[in-house]
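Sharing a model that was predicted from the sequence below.
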Amino acid sequence: MTALAAILVRDMRIAVRVGGGALMGVLFFLVVAAMVPFAVGPDLALLKRIGPAILWLAALLASLLALDRLFAADHEDGSLDLILMGHAPLELVVAVKGVAHWLTTGLPLVVAAPIIGLFLNLDAPAEAALALTLLAGTPALTFIGLIGAAIAVTLRRGGLLLAVLVLPLTVPVLIFGVAAANAAVSGPVPFGTPFTILCALTLASLVVGPFAAAAALRQEME
Amino acid sequence: MPVIDFANPSRFLNVANRAIPWFGGAAVLAFAFGLNQAVVAPDDYQQGATVKIMFLHVPGAWLGMLGWAVMTVAALGTLVWRHPLADVTAKAAAPIGAAFTLMCLVTGSLWGRPMWGTYWVWDARLTSVLVLFLLYLGVIAVWRTVEDPSRAARAAAILTIVGALDLPIIKFSVDWWNTLHQPASVFRAGGPTIHPTILMPLLIMTVAFTLLFVTLLLAAMRNEILRRRVRTLRLMQASAAA
Amino acid sequence: MRLTASNLACRRGGRDVFADVSFSNGSGEILAIRGRNGAGKSSLLRMVVGLVRIAHGRLALEGGDPELTIGEQAHYLGHQDAFKPSLSVRENLQFWAEFLGGGAADLREPLAAVGLDPLADLPAAYLSAGQRRRLSIARLIAVKRPIWLLDEPVNALDAAAQESLTAFMRAHLAGGGLILAATHGPIRLPPVREVWLDQAPSPQAAGEEP
């Protein structure tokens, strides 16, 4: 197995075995989505209108939670030192860790979202659009989050700083994700327009995220 | 044999090994009888055959609540009396209770769609059962996340006792609030309001599901005891090879 | 192969940790890095590996692979053991063997060499401190790299394990490798040169064993 494949397998094994496994993110997603009707009231028409936005926000927060330990765990047990001594470039290692994070956190959210959409009274076209936008957008959330996770790696309670750093960077993804999900259901704008921009944002983050995160990690290590 | 003797895990394993086949067999018979009665029972004049979802939905609700009640008693056992089997009971009961609650939610949702036009509505009864389901998932998460089993037991016990507040809310939600869900029809002051031709299959199916619950609980407790023994053996193996 | 350092200086957290450190270490030679606690022994090792920036001075490797950095041709045995508690002993070692490249396909030999093969499928969380150290040492045996940088290597090891480690180090030197070790205790492997980070060498000349 190559070095990068070894990192992918290791990270996925750890994600599945530790801390309640991959389903913890889905559980958080479900709980947050369930909180909103308590806050805004049970008006089904209102929930249907804001449903995609609620689910996008919940997906964003759920993705963020699992990022906290992404680099911090390796830093604390000395694995990061050895990773820097491997032959694989740090940028690729970071990208592969991002892929592992998305497969174990983001992808389960995409699968769970339509089910949770039922609670918010979303109908079939809205559910389909939501799932598609989450599929295209959650990788961006992960890869942008890598940057914050790398910057906060040496901090004990880095979780809050991580959120403060990452959330503003994810605003474009949030805007276009929700716009695309809503466009499929209502509004004059066709689904394709915000959706292609969302895809572009994701592709850009796949490149920018690992480079920025690797640079941040190197700075922190010194 | 006094009940306190079952506190010994080994003795419990012996009893469980003998009891599980009996409870399982009884459950199978009860299901056979109950399903037969359910199929034979008359259709509702308004809802047609969909009313028979009740035979899954109502037992699911009762057993979901029974599961939490079992966990609450076990939680008291852990915190107050430090009974050795209490931890095991609480951990084993959680996924089973969660599964029954999920069955209640899903069957209710499928039943509600033709009747109310929607899969879900945020009324008091449905919401409090959903909260129960989320509490179950939370307790299961505590069991899976905390490494040390006895610390996990105490944390889960506290959460369980606090969460038990949800049970009376579920029961009385249809009385206290104006809900879309129908009011109580079986356990109410004036006696059941359901016609016997529907009530009998319902009770038989409930008995069947309860026997299933007991069978699954005993089997899960047995598994948990064996799992803990494996863990102890591994710890001993690691320290022996030092 | 020869590793040469000239006038190395280190600054961490705004203070000068050490300055003007020079040494030369060749194949088959072991260099002991001495100094009191806080003198910067760990920092020097990490500087050679590339984890700490060189504030001043030069570090050069002759005879190695010119395409690779020093760190990519070295093993670093630091204070931490770099293992994941949720993976088994075998899975941990297998990961490093695959990631660091050129790792042994058969892990039984390194695991047996450090005496961990009966525990190979146990989750690493069950290991004692000494066993974890031995797992780290197994990494050095499983993946062949010419330079070994050892930071207090005998920490947490009992007498038998220390003997084992000395044997591994002897074999590594015999195979043309070189070792830099930061340690307080004596090193029972000739020839030993010493570099002191904070004081003049003790009256006992470098290379003599008690």
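Nice, I can see it.

Could you report the pLDDT at residue 181?
Using chain A. pLDDT for residue A:181: 92.

that's the other chain; I wanted chain C
Confidence score, pLDDT, at residue C:181: 92.

what do you get for residue C:208?
pLDDT at residue C:208 comes out at 42.

Excluding residues flanking it in the chain, which one is nearest residue A:202?
The shortest distance from residue A:202 to any residue other than its chain neighbours is 4.1 Å, reached at residue A:140 (CB to CB, 6 or more residues apart in numbering or on different chains). C-betas here are computed from N, CA, C, even on glycine.

Let me know whether the one you found touches residue A:175 as I believe.
No. Counting by CB atoms under 8 Å, residue A:140 stays clear of residue A:175, with 11.8 Å between them.

out of these two, which sits in the busier spot?
residue A:140 (29 against 15; other CB atoms under 10 Å in any protein chain shown).

packing partners for whichever helix or strand the more buried one is part of?
Taking DSSP states H and E as the definition, one finds residue A:140 inside helix A:124-151. With contacts taken as 3 or more CB pairs under 8 Å, 6 or more residues apart in numbering or on different chains; DSSP states H and E, helix A:124-151 sits against helix A:44-76, helix A:90-101, helix A:107-119, helix A:158-169, helix A:171-183, helix A:192-221.

pLDDT (mean, whole number) over the second one?
Okay, so that is helix A:90-101. In this model, helix A:90-101 carries a mean pLDDT of 96.

Could I get the buried residue list for it?
In terms of neighbour count (16 or more other CB atoms under 10 Å in any protein chain shown), helix A:90-101 has its buried residues at A:90, A:91, A:93, A:94, A:95, A:96, A:97, A:98, A:99, A:100, A:101.

Chain C: which of the residues you listed is nearest?
residue A:93 (8.7 Å; CB to the nearest CB).

what's near enough to touch the closest one?
The contact partners of residue A:93, by CB atoms under 8 Å, 6 or more residues apart in numbering or on different chains, come to A:3, A:4, A:7, A:83, A:86, A:214.

and the fourth one, that's in a strand?
What it means is residue A:83. No. With DSSP: H, G, I helix; E, B strand; the rest coil as the criterion, residue A:83 is helix rather than part of a strand.

so what's it closest to, chain neighbours aside?
Using CB to CB, 6+ apart, the nearest residue to residue A:83 is residue A:93, at 5.9 Å.

And for the second one?
Residue nearest to residue A:4 in three dimensions, not counting chain neighbours: residue A:96, with 4.9 Å by CB to CB, 6+ apart.

any idea how far that neighbour lies from chain B?
With the distance defined as CB to the nearest CB, to the nearest Å, residue A:96 ends up 26 Å from chain B.

Which residues are in contact with that residue?
A:4, A:7, A:8, A:11.

Dump the residues you listed to TSV, plus secondary structure, neighbour count and pLDDT.
Formatted as TSV, those follow (DSSP: H, G, I helix; E, B strand; the rest coil; neighbours: other CB atoms under 10 Å in any protein chain shown; pLDDT from 0 to 100):
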residue	secondary structure	neighbour count	pLDDT
A:4	helix	19	92
A:7	helix	25	94
A:8	helix	18	95
A:11	helix	23	93
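
For chain B, state which of those is nearest.
residue A:11 (18.4 Å).

just the strands in chain B please.
Applying DSSP state E to chain B gives no strands.

The helix or strand bottoming out on mean pLDDT in it and chain A in contact?
In chain B, the helix or strand scored least confidently by mean pLDDT, DSSP states H and E is helix B:166-176, which has a mean of 83. No. Helix B:166-176 does not reach chain A (CB under 8 Å from any CB of the partner chain); its nearest approach is 13.4 Å.

For the chain, which residues score under the pLDDT cut-off?
Assuming you mean chain A. In the predicted model, chain A carries pLDDT under 70 at residues A:19-21, A:156, A:222.

try chain C instead
Looking at chain C by pLDDT under 70, you get C:102-104, C:191, C:199-210.

For chain B, what is the nearest residue in it?
residue C:126 (4.0 Å).

tally of neighbours for that residue?
18.

Same question for residue C:166.
Residue C:166 has 15 nearby residues by other CB under 10 Å.

Is the longest helix along chain B in proximity to chain A?
Longest helix in chain B, counting residues (DSSP state H): helix B:196-240. No. Helix B:196-240 is not in contact with chain A by CB under 8 Å from any CB; minimum separation 14.7 Å.

Spell out whether that helix and chain C are in contact.
Yes. Using CB under 8 Å from any CB, helix B:196-240 reaches chain C at B:234, B:235, B:237, B:238, B:239.

circling back to that earlier point, redo the helices and strands packed on helix A:124-151 as TSV? Include distance to residue C:194.
Listed next are those as TSV, based on distance: least, CB to CB, whole Å:
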stretch	distance to residue C:194
helix A:44-76	32
helix A:90-101	34
helix A:107-119	55
helix A:158-169	40
helix A:171-183	57
helix A:192-221	28
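
quick revisit: my read: the residue of chain C closest to chain B touches residue B:232, true?
No. Counting by CB under 8 Å, residue B:232 is not a contact partner of residue C:126; they are 10.9 Å apart.

show me what contacts residue 92?
If you meant another chain, say so; for now it's chain A. Taking CB under 8 Å, 6+ apart, one finds A:4, A:210 in contact with residue A:92.

actually chain C
By CB under 8 Å, 6+ apart, the neighbours of residue C:92 are C:83, C:84, C:124, C:135.

Report the contact partners of the third one.
Spelled out, that is residue C:124. C:83, C:84, C:85, C:86, C:87, C:88, C:89, C:92, C:132, C:135.

separation between the second one and residue A:18?
Residue C:84 is 9 Å from residue A:18, where distance means CB to CB, to the nearest Å.

next one: the last one
Applying CB to CB, the value for residue C:135 to residue A:18 is 19 Å.

quick one, which of those two is more surrounded?
More crowded of residue C:135 and residue A:18, by other CB under 10 Å: residue C:135, with 23 against 18.

did I read that right, the more buried one in a helix?
Yes. Counting by three-state DSSP, residue C:135 is part of a helix.

ok, it touching residue C:93?
Yes. Between residue C:135 and residue C:93 there is a contact under CB under 8 Å: 6.7 Å.

ok so, going back, any chance you could read off phi and psi for the residue of chain C closest to chain B?
With angles defined as degrees, to the nearest 10, residue C:126 sits at phi -80, psi -10.

cool, and residue C:30?
Dihedral pair for residue C:30: phi -120, psi 130, per degrees, to the nearest 10.

Can you give me the neighbour number for the nearest residue to it once chain neighbours are set aside?
In space, and not counting its chain neighbours, residue C:30 is closest to residue C:179: 4.4 Å by CB to CB, 6+ apart. Residues lying near residue C:179 (other CB under 10 Å) number 24.

Not counting its neighbours along the chain, what's nearest residue C:54?
residue C:47 (5.9 Å).

That neighbour and residue C:35: what is the separation?
14 Å.

For the residue nearest to residue A:202, give its distance to chain B.
Residue A:140 is 27 Å from chain B, by CB to the nearest CB.

so who does that residue touch?
Contacts of residue A:140 (CB under 8 Å, 6+ apart): A:170, A:173, A:198, A:201, A:202, A:205, A:206.

between those, which is nearest chain B?
Nearest to chain B among these, with distances taken as CB to the nearest CB, is residue A:170, at 25.6 Å.

Spell out which residues of chain B are next to chain A.
B:109, B:118-123, B:127, B:130-131, B:134, B:137-138, B:141, B:144-145.

what's the pLDDT at the closest residue in space to residue B:220 that isn't next to it in sequence?
Among residues not flanking residue B:220 along the chain, residue B:92 sits closest, at 3.5 Å (CB to CB, 6+ apart). With respect to pLDDT, residue B:92 scores 96.
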